[in-house]
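**Student:** Predicted model and sequence below, questions to follow.
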Amino acid sequence: MKDIAGKTVLITGAGMGMGRLFALKFARASCSLVLVDINQEALAATAAELGTPVRTYTCDISDREQVGRLARRVHADAGLVDIIVNNAGVLYGYPFVQSPEALIARTIDVNVKGSLLITRAFLPDLMSRRRGHIVTMASASSLTGVPDLTAYATSKHAIAGFSESLRLEMKKYGFDGIKTTLVFPHFVDTGMVTGVRSPVVLRPRDVVDRVFNAVLKDEL
């Protein structure tokens, strides 16, 4: 397993849910953390819980200009990023024809555009040293259709295609040291799935532990 102590890890959606748990996990591995969330109060709560110095940045990752400013600030404050955890996401449950257009747009903007913008902003850091790791949180809905979650499933199909295409692109152009991990969890017991009825609901900590170990082992 690789040693990630001292590596700079950028985590989106770090204010709550699995993002908060990812922050705790990587902090225990002696990583330098760059935590990003749109919710400033939640982000501050995560930082306070860690008990170690971290860098926090409030940003709407679906906004290109905000991501550009974020990248400039992170590079000035923390230098180059080694590991990107594309964790931020939103989920709204409606029959498709009843889905408010604003929520459909927000789902695509955060779940797809946000991860693409963040990765594009920080991937050159990894490429400059020809090593690093990118984690992308897809979903079991990336692999099948889900009634009443049409926009969400669409976004997760898209982000899975992005991650797999990026993996092949890095290999094609000789950046084999840049690893990717694409995650397909079933429903996870966070605030996003409150009220969901399913025979399988995963514990957030179990998912985070599994993803963390995948990073250490360079698992896809």
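**Tutor:** Structure's in. What do you need?
**Student:** In space, what's closest to Gly13 - neighbours in sequence excluded?
**Tutor:** Ala88 (3.1 Å; CB to CB, 6 or more residues apart in numbering). (Each C-beta comes from the backbone N, C-alpha and C, glycine too.)
**Student:** nope, Asp37 is what I was after
**Tutor:** The spatial neighbour of Asp37 that comes closest, neighbours along the chain excluded (CB to CB, 6+ apart), is Gly15 at 3.6 Å.
**Student:** Helix, strand, or coil at that neighbour?
**Tutor:** Classification of Gly15 into helix, strand or coil gives coil, according to DSSP: H, G, I helix; E, B strand; the rest coil.
**Student:** Could you measure from it over to Phe162?
**Tutor:** Between Gly15 and Phe162 the computed distance is 23 Å (CB to CB, to the nearest Å).
**Student:** Same check on Ala14?
**Tutor:** According to CB to CB, Ala14 and Phe162 sit 21 Å apart.
**Student:** what do you get for Gly17?
**Tutor:** In terms of CB to CB, Gly17 sits 21 Å off from Phe162.
**Student:** phi, psi of Ile134?
**Tutor:** As for Ile134, its main-chain torsions (degrees, to the nearest 10) stand at phi -130, psi 120.
**Student:** dump the residue contacts of it.
**Tutor:** By CB atoms under 8 Å, 6 or more residues apart in numbering, Ile134 lies in contact with Ile83, Ile84, Asn86, Thr119, Leu123, Leu126, Ser163, Leu166, Ile178, Lys179, Thr180, Thr181.
**Student:** Ok, His75 next?
**Tutor:** Residues near His75 by CB under 8 Å, 6+ apart: Asp125.
**Student:** Three-state assignment for it, please.
**Tutor:** His75 - assigned by three-state DSSP - is helix.
**Student:** quick check: longest helix of this structure.
**Tutor:** Residue-count comparison of every helix in the chain, with assignments taken from DSSP state H, identifies helix 150-172 as the longest.
**Student:** So, low pLDDT: which residues of the protein?
**Tutor:** In the predicted model of the chain, residues 188-199 satisfy pLDDT under 70.
**Student:** Please, where are all the strands along it?
**Tutor:** 8-12, 32-37, 55-58, 83-86, 132-137, 178-183 (DSSP state E).
**Student:** Any idea which of those gets closest to Leu220?
**Tutor:** Nearest of the strands of the chain to Leu220, taken as CB to CB: strand 178-183 at 6.4 Å.
**Student:** Taking helix 150-172 as reference, get the angle to the closest one.
**Tutor:** Angle of strand 178-183 versus helix 150-172, following axes from the mean of the first three to the mean of the last three CA atoms, to 10 degrees, is 160 degrees.
**Student:** What is strand 178-183 packed up against?
**Tutor:** helix 115-129, strand 132-137, helix 150-172, helix 204-217 (3 or more CB pairs under 8 Å, 6 or more residues apart in numbering; DSSP states H and E).
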